[in-house]
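Colleague: Okay, sequence plus prediction incoming.
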Amino acid sequence: MLAVQVLINALVLGCLYACIAIGFSLVWGVLNVINLIHGSFIVLGAYLAWGAYQWAHISPWYALLFAAPLFFGFGYLLQRLLLNRVISAPVLVTLTLTFGLDLILNNAMIYYFKADYRKLTLSPPTGSISLFDVVVPVDRLIATASALALTGLLYLLLRRSKVGRAIVAVRLDRDAAVLMGVDVKSIYAVAFGLGAALAGCAGVLMALIFPISPLTSSAYLGKAFVVCVLGGLGSVSGALAGGLLLALVEGIGSVYLGPAHATTLSFVLLIVFLVARPQGLLGRKGFE
Amino acid sequence: MFHPRFGCVSASLLLALASFAVPSPASAEDVIRFGAPLPITGPLAPEAAAQQMGYNLWAEEANKAGGINVGGKKYKVEIVYGDYQSNTPRSVQITEQMITQDNVNFMFGPFGSGAAKAASTISEKYKVPTIAASASSSQVYDQNYKYLFGTFTPNDTLTTPLTGIIKAKAPDVKKVAILARNDLFPLAIAQEMEKSAKANGFEVVYFEKYAINTLDHSATLSQIKSLAPQWIFVTGYINDLLLIRKQMTDQQMKAPVVTMIAGPAYQTFIETAGQSAENISSASWWHPAEQYDGKDIFGKTSNFVKLFKAKYNSDPDYAQASAAASGALFQMAIEKAGSLDRDKVRDALASLDVMTFWGPVKFGSNGQINSLEPPVFQIQNAKPVVLYPDAIKQGEFKLGVN
Amino acid sequence: MTRANFALLILIVIVASLPLFGGAYALRVGTLACMYAIFALSWNVVGGFAGYPSFATAASFGLGAYVTGILLNNGVPLPAALAGTFIALFLGAVALGAVLLRLRGHYFAIASLSLVEVFRELINNATDLTGGGMGLNIPLASSSGILADAMFFFYAMWGLLVLTALVVIVVSVSKLGFGLSCIRQNETAANMVGLNTTLYKSIAFGLSACFVGTAGGLYAAWVHYIDPSDVFDILYSVKPIVMALMGGLGSPLGVVCGAFLYLGLEEVVWRNYIQIHSGVLGVLIIVLLLFLPHGLISLRWAMVWRKVKHA
Amino acid sequence: MPEMQHEILHLSNVSRNFGGLRALRDVSISVSKGEVLGLIGPNGAGKTTLVNTVCGVTPASAGVVTFDGRDITRVKTYQAARLGLSRTFQIVQPFAEFSALDNVAAAALFSQPGESWKSARLEARTHLAFVGLEAQADQCAATLTLAMRKRLELAKALAMKPKLLFLDEVNAGLNSIEVERATKLIHQLAARGITIVMIEHLMKVVLNVCTRIAVLHNGELIADGAPRDVIKNQAVVDAYLGQQYAQRNAARG
């Protein structure tokens, strides 16, 4: 029974991890930028959901609706005004720039919200459903479903819309995309905006599950890193695969080796993947 | 003629020099300066906020009364704060900075056992009396420093009475599961717990550490659930405990006894955890329900609670009270010594044997307080109810955490 | 020897006169400045010369601190413990480098970042040897006075900085440095002209680890108490990079200037803006990246002079 | 066969797979000392893969490569370079920040263990002079014209004291005057006794300088022999040269 329970836990958690990672993966894949501000975006999204529920009794489901455009605009502007200036610079410069941005956003959140942990508790609580001895918390289930819906939406956007196809084209081959007449600069901004929107929405969902504090941003960022590498860069299905693998490894690791070793195990796995299969589970060899 | 490169050499050198040549404010005649390094940013930031509330309340009360009386002359209290970003090396650096640059007279230790221990080497070197307001682990005091004092009793004073109560009130409890954050204080207290559980004939079916920054505990909790312990004992900081408590309810984990240290002592924990905080037991070094008749500036415990509520509109927890008590103890020692001489104040602190709103205070030879009897309490009807010691007992232990 | 390298040595010699100007606190800041200069110089070997964005500095630092700490606790005298750390870190890093340096760009960055996490957790869980989350106590090296102690560690760290600078300068003008520069510019071509790139990169990685590790060891002896989350702090990896970017990638003089400038800024900002210092630092980083993309070293004195005259 | 005694490079049944794609299938070919072998074939035929396989960039999936009497099938790129295998790239690969001189000096320095700085630089100057770049010796490689960079590649390859030199489309992107100049250089190299294998699309150049031609198609060797015979080979005409070329060629003589 324990095995089944751990498996179910991992399945649900894996989808949440994918949701955390997908925007990060998109930005990395398309812009070739490691976006260190991603974790703080998620936390900001969580605060948005918390504030909306606390002060205006807006349920997180509706918060998703306005979080997405808000974060999209924020990300779009950030890319246009700042990131774009160094987009062709070496890896280190873009990385350091997002590091600086993260310092600012995180500090601003600590300043305004304080570092206290907050929690969005729905009333009445959603509880858990149990089948035989296996228990699944309803809020996680709903968050997972929403996460899947979001990833599905992104998938459709990338496949069906003109902008989406342009994004995919830029990801696969930047130079060819330019030749095809894609305005790469605006695609970069749109992709970064999308990444931010996905982070914001992930934040709204995480608010239901994890305590909210500016200090959790590094934990989210770390998960995004691992998921991306395990699953493969820039693809929706890759993020899902990576998330599930990570959750499984952590779950099994903490049961059989102890919870303290679960993190170590996931990072060892990360290094092994990088060395042996840098394209990830489902990715193709792409950017260096 | 200048070589171009020398421009940057001299510029950076100047800046580096300027950084520690900043003139420190001349210390005014009638002010006593206390240095308080705090983790204002970084993972421990919430703790810093709590400590700052305690220090500020004391400074405000002391100044309202005209200041500290040193041999007939009144000195105002000034607290110099510094942020060490939850980073131990920084706390050491800032301690030295406060002593040598900001000319503080006395020091409060940085938050927690690890940083307090690291910083104490500095204040010991400079012979600056230091009160650590939040360090309990015996490893901090086993260096036998002369100038370091602490307001928390050793960790086993929390776990021993707790085990005693459970053994007496819940005879069916046999199996204990212990889950600890892999960090100095939580791990130390978990190890004390393991010891006292074994000594009292409990069976420890699970003892594991979780990494700092763990985001999800569901697999661990599922495993604990499958072992069916009657007593679940979890240590960590408030964020860990909130997360774990939430995930326990998610997994529909029930146990006759659930103990968490150190979250439930904080008002935020009770508010945030809501219904799920019910019947969780804990222990801490102080509780607002205590009734001591102090000789310090705050007087009765109830008076302290009243003042605190008036200023911050919430009940004080042990961390806030300890910070305020540390200030009050300094004040008593300085007034007793009748001097600002660091050695005299140190001796006065070492020889204190006095009642305060915090409880009876007497420091052992290693500097750690040994006169407190920390209360054991349980959250009942969204309020912490004291179960022990009997003198301030408010209610009976209740079984069953859902 | 080029003029820039000469200027670097002069700068370091000037730093040695610090005890004339300040007391124990100045020495502490000076010791930390030397430590960070060692980080930046070391990072520059793999990040600047060879162009591999390494985030492994914190891993080397933490491992060095623990290796030395454990050796000291077993009665090994400090110089021997440091020498042991130096050798262990060099060999370990060369071996790891041979595997990890097959990765490039972001992938290498992440792998090196993960090293920090892996080693931190390994140390954290090897409780018997390292004390785990409880930290490791290291006996006091001496019971001499405050100033003597501060002086000792300042000059020890300074000496290590001199050693690092000399080695880095020698590397930069040697065949090794030339080869690393080839690798940075075009690794395929470097391989094709007969350069054993794996060997060169591994040596570079080893060099970038051993001085940092030894600095970590010295640090451990200095503070007497280390715990995993302190010495494996990811900021130890990030700061040297920011310093190198500030000063000018690839130039030993530049990165040391960058280190001192960064620490100076941090010290000023840290003291004056308690609540918002990390945000202010973020703003500074962004401004520097946008307006001084090639670092301090690209500033010409003449340019500054012209601006002063026009002002 | 008498020329077998002078054989310098031999591939026997070499195959190379990329995932499911077979870029080289069972290629067997040998190159004699002093030969100038033209390697032709349509795009994607596996010419560059063949060079990469010999140079150790993408080792053979099957088969054996011997060079100068040694099995080099599993040898690493830098080792192959030190054995006397050097190459130029289809897309030039200079060390962009270095001067032309340093570029060539790097090649001299790293290809021969024990070479000193000083002699590497001295040698580099003579190689630059040979390719006609002495005036650009101190110019940054990134600022050279394409033709100059192609010649720089050649100088680098020469600095490695090659026994066998692969030239991968040295003429691509050059105008006719530049092509003429490059062709002259190749003649001079051949005269020095360096064995050359060149990948080339300009049939004029191939016929001008090559003593032998090998044709790859879909990873298979479809023809190998004297230039005159090969261009008349029906399979080659079908696969690569095209009818038009054959007719024009026949008409011309």
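Modeller: Nice, thanks for sending it over. Numbering: from 1, shown residues only, chains lettered A, B, ... in the order given.

Colleague: For the residue in the stretch 1-150 of chain D positioned nearest to chain A, grab phi and psi.
Modeller: Scanning the stretch 1-150 of chain D for proximity to chain A using CB to the nearest CB identifies residue D:19 as nearest, at 10.2 Å. Bear in mind the C-beta positions are built from the backbone N, C-alpha and C, glycine included. Reported as degrees, to the nearest 10, the phi and psi values for residue D:19 are phi 60, psi -120.

Colleague: Report pLDDT for residue 272.
Modeller: Since you didn't name a chain, this refers to chain A. At residue A:272 the predicted local confidence, pLDDT, stands at 86.

Colleague: Switch to chain C, please.
Modeller: The per-residue pLDDT reported for residue C:272 equals 77.

Colleague: Ok, residue D:253 next?
Modeller: Looking at residue D:253 specifically, the model assigns a pLDDT of 44.

Colleague: how about the helices in chain A?
Modeller: For chain A, the helices identified by DSSP state H occupy A:2-31, A:38-56, A:60-81, A:91-113, A:138-160, A:162-172, A:174-179, A:184-206, A:217-231, A:236-256, A:259-276, in order along the chain.

Colleague: Let me have those helices in a markdown table, adding mean neighbour count as columns.
Modeller: Output for the helices of chain A, formatted as a markdown table (neighbours: other CB atoms under 10 Å in any protein chain shown):
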| stretch | mean neighbour count |
| --- | --- |
| helix A:2-31 | 25 |
| helix A:38-56 | 23 |
| helix A:60-81 | 19 |
| helix A:91-113 | 21 |
| helix A:138-160 | 17 |
| helix A:162-172 | 18 |
| helix A:174-179 | 13 |
| helix A:184-206 | 26 |
| helix A:217-231 | 26 |
| helix A:236-256 | 24 |
| helix A:259-276 | 21 |
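
Colleague: Any idea which of the ones you listed gets closest to residue C:54?
Modeller: helix A:91-113 (10.0 Å; CB to CB).

Colleague: Mind checking what secondary structure residue B:204 has?
Modeller: Per DSSP: H, G, I helix; E, B strand; the rest coil, the secondary structure class of residue B:204 is strand.

Colleague: That one pairs with what?
Modeller: For residue B:204, the residues forming beta bridges with it (DSSP bridges) are residue B:176.

Colleague: how near is it to chain A?
Modeller: 14 Å (CB to the nearest CB, to the nearest Å).

Colleague: what about that residue, neighbour count?
Modeller: Residue B:204: 17 surrounding residues under other CB atoms under 10 Å in any protein chain shown.

Colleague: Could I get the contacting residues of whichever residue of the stretch 1-150 of chain A sits closest to chain D?
Modeller: Distance from chain D to each residue of the stretch 1-150 of chain A (CB to the nearest CB) is smallest for residue A:90, at 13.2 Å. If a contact means CB atoms under 8 Å, 6 or more residues apart in numbering or on different chains, then residue A:90 has C:51, C:53 as its contacts.

Colleague: for residue C:184, same thing?
Modeller: Applying CB under 8 Å, 6+ apart, the residues contacting residue C:184 are C:49, C:50, C:51.

Colleague: Low-confidence regions, the chain specifically.
Modeller: Here I'm looking at chain A. For chain A, the stretches flagged by pLDDT under 70 are A:281-288.

Colleague: hm, I was asking about chain D
Modeller: Scanning chain D residue by residue, the ranges that satisfy pLDDT under 70 are D:1-5, D:243-253.

Colleague: Domains of it: list them as residue ranges, please.
Modeller: Chain D breaks down into these domains under automatic domain parsing: D:7-84+D:163-252, D:95-161.

Colleague: so can I have CSV of these showing mean neighbour count?
Modeller: As requested, the domains of chain D are arranged in CSV below (neighbours: other CB under 10 Å):
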stretch, mean neighbour count
domain D:7-84+D:163-252, 18
domain D:95-161, 20
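
Colleague: Any chance of CSV for those, columns distance to residue C:206?
Modeller: Putting the domains of chain D into CSV (distance: least, CB to CB, whole Å) gives the following:
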stretch, distance to residue C:206
domain D:7-84+D:163-252, 19
domain D:95-161, 20
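
Colleague: For chain C, what lies in contact range of chain D?
Modeller: For chain C, the contact set with chain D under CB under 8 Å from any CB of the partner chain comprises C:175, C:178-179, C:181-182, C:185-186, C:188-197.

Colleague: Name all residues that make contact with the most centrally placed residue in chain C.
Modeller: Among the residues of chain C, residue C:39 comes closest to the average C-alpha position under CA atoms, centre = their mean, at 0.5 Å. For residue C:39, the contact set (CB under 8 Å, 6+ apart) comprises C:57, C:61, C:212, C:215, C:236, C:239, C:240, C:243, C:259.

Colleague: Report pLDDT for it.
Modeller: If you check residue C:39, the pLDDT there is 95.

Colleague: in a helix, that's where it is, yeah?
Modeller: Yes - when three-state DSSP is applied, residue C:39 is found to be in a helix.

Colleague: which one is it nearest to, not counting chain neighbours?
Modeller: residue C:240 (4.1 Å; CB to CB, 6 or more residues apart in numbering or on different chains).

Colleague: hang on, the earlier thing: okay, the helices of chain A in TSV with distance to chain C next?
Modeller: Output for the helices of chain A, formatted as TSV (distance: least, CB to the nearest CB, whole Å):
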stretch	distance to chain C
helix A:2-31	7
helix A:38-56	11
helix A:60-81	10
helix A:91-113	3
helix A:138-160	21
helix A:162-172	14
helix A:174-179	15
helix A:184-206	15
helix A:217-231	6
helix A:236-256	11
helix A:259-276	4
